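1. give me a 3D structure for the following:
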Amino acid sequence: MTTQPEAAKPSVAPFDAVIVGAGMVGTALAGLLAREGMQVALVEAKPHPLALEEVAQEIPTPRVSALTPVSQRLLTHLGVWPSMAAARVTPYRYMQVWDAEGSGTIHFSADEAGTAVLGHIVENDVTLAALNEQVKTLPTLTRFNGAGVAALQTSANSRWLVLEDGRQLHAPLVIAADGARSALRELAGIAVVEESMEQEAVVTTVHCEQSHGDTARQAFIDGCPLAFLPLTVKGDDRYCSIVWSTTSAHARELTEYTAEALGQALGDAFGGRLGHITPVDKAYRFPLVQRHAKQYVAPHFALVGDAAHSIHPLAGQGANLGLMDAAVLAEEVVAAWRRGAPWGSLATLSRYERRRRFDNSAMLGLMKGFKQLFGSHQPVLTLARNLGISGMNQLVPLKRVVMRQATGERGRLPLSCR
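-> I've put the predicted structure just below:
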């Protein structure tokens, strides 16, 4: 891999693909393309890539993802899972979900799903740092850090990306992986359907009195999901990552609590299931907005990850959907590139959109439906959902289908994820 300095000549040689946004999804996609021999530029506004030694902290960072076994296979294919595991990943074999307004509860287990684990809770920084370590070994990948994008221009069979310092990157394919508020998506003129979830997510890390028992737990409290996601730190399995999606007023209140008051509020809301709760980090909050681009592709242009769709965190599927976008887009682009076909053409890119839009749309719709169902206080709906949850808990075959969906085993998986 080569790295371009901030002050360089005003233009550079053309690339096969230019990716804007070096988060988990953008960096994974860059790795998938460059390892096949494509000349790839990875553009990122932040000045330096995150390194693994920067994330090996005593206290886990607050933003985590529940990576599915399918995502694990992709990261193994990329060669990064061993370094992630050496840093910190926490497998979970069980899930418990219940309605705090009634008696409905459901349990899932890896044994019922026929898998070794249901997934792993991994800090986003650990995944990103491991990806950074891997892609720096790829000779056909060039990083442009500390580089803002000024313009996106179109020619007959390619796109030109103009950086703020005047450099121009030329490629048959430009990919936006620059997040939910994608500036590149806006420059490309792609509209997005946006809907506020009327909630904010509060995230922090806590130490519990009792072991998490390899279990991811989630309670619906007045329609607001509170998740205790298992973390193991230096062999201590009493840590959890907290994600509480709640009203803006309550989120503000939680982030202003003292550590003692926050621990008490979390423990009370969770019914004391893990004993006394001690926060080990401050609480952070951010608004929840669900977005979906009206189209994922245009000639010589594609969206991936949060630039294409952002989702409510109650199922922890955001990173998995984005990584699957990267895997499918890479498969379609590399196949066209290998056979000498125009890999940035609308015909090639539309195959990626067809493979991903339905899955992403279904997951966004499911999360919206869950929020509406559990957000209702109507007695009939409350009774129905509790009976439904408890009834489903007795139907192992149906639970197995649900678990296969939750572990990412949906549709035609790309070869890198099988």
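2. ok, what's across the strand from residue 65?
-> Beta bridges link residue 65 to residue 122, judged by DSSP bridges.
3. distance-wise, check it relative to residue 89.
-> Residue 65 sits 10 Å away from residue 89, going by Cβ to Cβ, to the nearest Å. (Each C-beta comes from the backbone N, C-alpha and C, glycine too.)
4. ok, these two, which is more surrounded?
-> Ranked by neighbour count (other Cβ atoms under 10 Å), residue 65 and residue 89 place residue 65 first, with 25 against 21.
5. just to revisit the earlier point, between residue 65 and residue 89, which contacts overlap?
-> Common contacts of residue 65 and residue 89 (Cβ atoms under 8 Å, 6 or more residues apart in numbering): 121, 122.
6. residue 58 touches residue 239, doesn't it?
-> No. Between residue 58 and residue 239 there is no contact under Cβ atoms under 8 Å: 10.6 Å.
7. and those two? which has more neighbours close in?
-> residue 239 (23 against 7).
8. what sits closest to the more buried one if chain neighbours are left out?
-> Residue nearest to residue 239 in three dimensions, not counting chain neighbours: residue 231, with 4.0 Å by Cβ to Cβ, 6 or more residues apart in numbering.
9. equivalent analysis for residue 35, please.
-> Nearest non-adjacent residue to residue 35, counting by Cβ to Cβ, 6+ apart: residue 138, 6.0 Å away.
10. quick one: contacts for residue 32?
-> Here residue 32 is in contact with 78, 326, 327, 330, 334, 416 (criterion: Cβ under 8 Å, 6+ apart).
11. distance-wise, check the nearest residue to the last one once chain neighbours are set aside relative to residue 113.
-> What that stands for is residue 416. The shortest distance from residue 416 to any non-neighbouring residue, by Cβ to Cβ, 6+ apart, is to residue 77 (4.5 Å). The gap separating residue 77 from residue 113 is 22 Å, by Cβ to Cβ.
12. what's the answer for residue 179, then?
-> 32 Å.
13. those two - which one has more neighbours?
-> Between residue 179 and residue 113, counting by other Cβ under 10 Å, residue 113 is the more crowded of the two (22 against 18).
14. might one say that that one is in contact with residue 407?
-> Yes. Using Cβ under 8 Å, residue 113 makes contact with residue 407 at a distance of 6.3 Å.
15. what about the helices in this protein?
-> Here the chain has its helices, by DSSP state H, at 24-34, 52-55, 69-77, 81-87, 110-113, 124-135, 183-187, 248-256, 259-269, 318-338, 346-375, 379-393, 396-406.
16. for the fourth one, which helices and strands make contact with it?
-> Yep, that's helix 81-87 we're talking about. Counting contacts by 3 or more Cβ pairs under 8 Å, 6 or more residues apart in numbering; DSSP states H and E, helix 81-87 packs against helix 52-55, helix 69-77, helix 124-135.
17. thanks a lot, see you next time.
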